[in-house]
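Enquirer: sequence plus the predicted model coming up.
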Amino acid sequence: MLTLLLALTIAFFLARAAGDPARQVLGNLASEQAVAALNKQLGYDRPLVVQYVSFIGDTLTGNFGESLRYSRSNLTLILERFPATLQLTAAALLIAIVIGGLLGLLSALRQGSLLDRIANFGTLVLLSLPLFWLGLMLAELFAVRFQLLPAGGHGEFRHLILPAVTLSGYVLGQIARLTRASMISVLREPYIALARAHGIGATRIAFVHALRNAALPVVTLIGVQSGMLMSGAVTVEFVFAWPGIGLLTTDAVLARDVPLVQALVVFGAIMFVAINLIVDITYAVIDPRTRAPRHG
Amino acid sequence: MVETVVAGNGDGVAAAVPRRHVWHRGTVQILATGIPLLLLAVAAVAAPWLPIPDAGAIDLSSSLSPPVWLDGGSWDHLLGTDQLGRDLATRLLWGARLTLLIAFSSTIIGAIVGTTLGMLAGYVRGWTDFAISRFVDAQLAIPFLLLAITIMTARGQSIGAIVAVLAIIGWAQYARVIRAEVLTLRSRPFILGLRIAGASPARIIFRHVLPNIADTLLVLATLQIGYVILAESALSFIGLGVASPDISWGAMLADGRELMTSAWWLVAFPGLSITIVVVLISLLGDGVKARFDPRARTR
């Protein structure tokens, strides 16, 4: 909660103290009177402390202000677009967990093999490329060249494939690498040697005994990476014209809709803190050790 | 190349390799990745004096000509041209100037601020530590692109603003890692000895703590440069970063997007440049870690 409050404070001061939002909205050609009028309308003419207190108060009571461009409540706009983003990020996360996890698992079991080397280099490339560029390239290849999948649109399953695969890229690379490292260290544990001595098959050991413990760091990673997913969603939705929060963000940015942009940042921070809270709870469910009181 | 990648993927796997090999491999990897990067940086800095066409030289007669190996391509324009007939290879080199300048300066500013606060938090402890740590948590709780958008929409676009934004995004990472490092360092006997001997905290921090965390800092900063390059490209791509007539690789991607169906090379090569440079930087970081980080060698 304190983290969230501080995050809001940072967002507020960077936005207000940094510049002249009304001037940014209206452009350099606008008259001083018009700028002053908009500042008054947005309440930016009040002292900074007053603005800050009313901003925090509004946020806590769920008042996210009104968009300049749409003349509607920011919260309504965001919640309208939220399901599309949820669908996209959930699909991307699923792809990342299944493929990344499998890739990491197989690399760990076949250390030094050709598969391991290819996976290692492949994930390095995935972690090093701009996601939106991957999206543009995939769109060029599968939508324009081979005409297999649509590069835009929303509603059917086939529309989801390219954006979800694109968005999964970075997190997939992270999950594959962490799963590999985590599996390798778990497989060195004595209890794995014991299981092996009991004559339990290698496949069963890997999937049943080792994977559960190896999954712990990966769960934490997903929480940390959810911010990355949100940032990625902005550019990926922009590339594929996916009507989610990310596209709303780029639209708001291009229209210089300052109140909406600010509401989106607040919403993003709240989501991030909420996701990490869920991850902490999930962690306690998977790992009984973390339920015990922590040592000072 | 692939072999060095496998052995040095930085997940602590290096432990399996005998010690002298690690030293050797780290050095080889630093040279193999550092030299191409250095060449690129030198070429980018020297771009105005190189015998190549001007990045803004418009030649409408060769508008949208494809790379040399495709039908209609010519040796005059190795990687093709854009809609105004400007040479893509030249523009990539000119774009590298701003891309690298922004990446370096924001990484350095972020490192200085983050390291100072991290050392302060880890060494002084108490409420200073509490305040800085909460601040770091809060900073890390805002998705980076959203934070950047907040500042850029309020402040307007300029190179200085981009550098500031990227430095603000980066500092928390340094502060967190350095703080943890200093916390363990602080309990070491030689620091205690210095304190008993009456050395001032400032002297201990800058003369004795800083040299001991330099390895970690170097590795962190190297990896951070790659991250910053990606962040800059995303920012420029959605129209909030480098804007015409200035060129960076991210801005080139944004420009090329509209022409993509007719001229794929305008999008493919800037993105490829970013990817190759970030891959090299990340391999360089692994090499630096293997070579200099004492824990990667002994663990």
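Expert: In hand now; what should we look at?
Enquirer: so what's the residue count around B:L101?
Expert: Using other C-beta atoms under 10 Å in any protein chain shown, B:L101 has 16 neighbouring residues. (Each C-beta comes from the backbone N, C-alpha and C, glycine too.)
Enquirer: hang on, I meant A:V273
Expert: 17.
Enquirer: residues in contact with the residue nearest to it when sequence neighbours are not counted?
Expert: Using C-beta to C-beta, 6 or more residues apart in numbering or on different chains and skipping the chain neighbours, the partner closest in space to A:V273 is A:L4 (4.9 Å). By C-beta atoms under 8 Å, 6 or more residues apart in numbering or on different chains, the contact set of A:L4 is A:269-270, A:273, B:138, B:141.
Enquirer: poorly predicted segments of chain B, please.
Expert: Chain B contains residues with pLDDT under 70 at B:1-25, B:53, B:55-56, B:68, B:72-73, B:293-299.
Enquirer: now for the lengthiest helix in it, which elements pack on it?
Expert: Longest helix of chain B, by residue count under DSSP state H: helix B:88-124. Secondary-structure packing of helix B:88-124 (3 or more C-beta pairs under 8 Å, 6 or more residues apart in numbering or on different chains; DSSP states H and E): helix B:19-46, helix B:126-140, helix B:159-186, helix B:210-237, helix B:249-257, helix B:265-292.
Enquirer: give me the nearest residue to the residue in the stretch 101-250 of chain B positioned nearest to chain A, chain neighbours excluded.
Expert: For the stretch 101-250 of chain B and chain A, the shortest gap (C-beta to the nearest C-beta) falls at B:A138, measuring 3.3 Å. The spatially closest residue to B:A138, leaving aside those adjacent along the chain, is A:L6, at 3.3 Å (C-beta to C-beta, 6+ apart).
Enquirer: which element follows the lowest-mean-pLDDT helix or strand in chain A toward the C-terminus?
Expert: When each helix and strand of chain A is scored by mean pLDDT, DSSP states H and E, helix A:21-26 comes last, with a mean of 68. Next along the chain after helix A:21-26, taking DSSP states H and E as the criterion, comes helix A:32-42.
Enquirer: show me which residues of that next one are buried.
Expert: Neighbour-count burial for helix A:32-42, counted by 16 or more other C-beta atoms under 10 Å in any protein chain shown, picks out A:35, A:38-39, A:42.
Enquirer: again with stretch B:62-78
Expert: Within stretch B:62-78, the residues that count as buried by 16+ other C-beta under 10 Å are B:62, B:64-67, B:73, B:77-78.
Enquirer: what comes into contact with it?
Expert: Contacts of stretch B:62-78 (C-beta under 8 Å, 6+ apart): B:79-85, B:87-89, B:259, B:262-263, B:265.
Enquirer: just the buried members of those?
Expert: Buried, going by 16+ other C-beta under 10 Å: B:79-83, B:85, B:87-89, B:263, B:265, out of these.
Enquirer: show me what from the stretch 1-150 of chain A comes close to chain B.
Expert: Contact residues, the stretch 1-150 of chain A versus chain B (C-beta under 8 Å from any C-beta of the partner chain): A:2-7, A:9-11, A:14-16, A:18-21, A:23-24, A:112, A:116-117, A:120-121, A:124-125, A:127-133, A:136-137, A:140, A:144.
Enquirer: which of those residues fall within strands?
Expert: Under the assignment DSSP state E, the residues of the stretch 1-150 of chain A next to chain B contribute nothing to strands.
Enquirer: buried ones among the residues you listed?
Expert: Neighbour-count burial within the residues of the stretch 1-150 of chain A next to chain B applies to A:3-4, A:6-7, A:10-11, A:14-16, A:18-19, A:21, A:23-24, A:116-117, A:120-121, A:124-125, A:127-133, A:136-137, A:140; the criterion is 16+ other C-beta under 10 Å.
Enquirer: redo the helices and strands packed on helix B:88-124 as JSON lines? Include distance to A:L88.
Expert: Below are the helices and strands packed on helix B:88-124 laid out as JSON lines (distance: least, C-beta to C-beta, whole Å):
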{"stretch": "helix B:19-46", "distance to A:L88": "35"}
{"stretch": "helix B:126-140", "distance to A:L88": "23"}
{"stretch": "helix B:159-186", "distance to A:L88": "24"}
{"stretch": "helix B:210-237", "distance to A:L88": "17"}
{"stretch": "helix B:249-257", "distance to A:L88": "20"}
{"stretch": "helix B:265-292", "distance to A:L88": "21"}
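Enquirer: out of those, indicate the one that is most buried.
Expert: Using mean count of other C-beta atoms under 10 Å in any protein chain shown, the stretch among the helices and strands packed on helix B:88-124 with the largest mean neighbour count is helix B:249-257, at a mean of 25.
Enquirer: for that one, the distance to its chain's centre please.
Expert: 19 Å (C-alpha atoms, centre = their mean, to the nearest Å).
Enquirer: how about the nearest residue to B:G114 once chain neighbours are set aside, what does it touch?
Expert: Sequence neighbours aside, B:Y174 is the residue nearest to B:G114 in space, at 2.7 Å (criterion: C-beta to C-beta, 6+ apart). Residues near B:Y174 by C-beta under 8 Å, 6+ apart: B:110-111, B:113-115, B:118, B:217, B:220-221, B:224.
Enquirer: swap in 7 Å and give it another go.
Expert: The contact partners of B:Y174, by C-beta atoms under 7 Å, 6 or more residues apart in numbering or on different chains, come to B:110-111, B:114-115, B:118, B:220.
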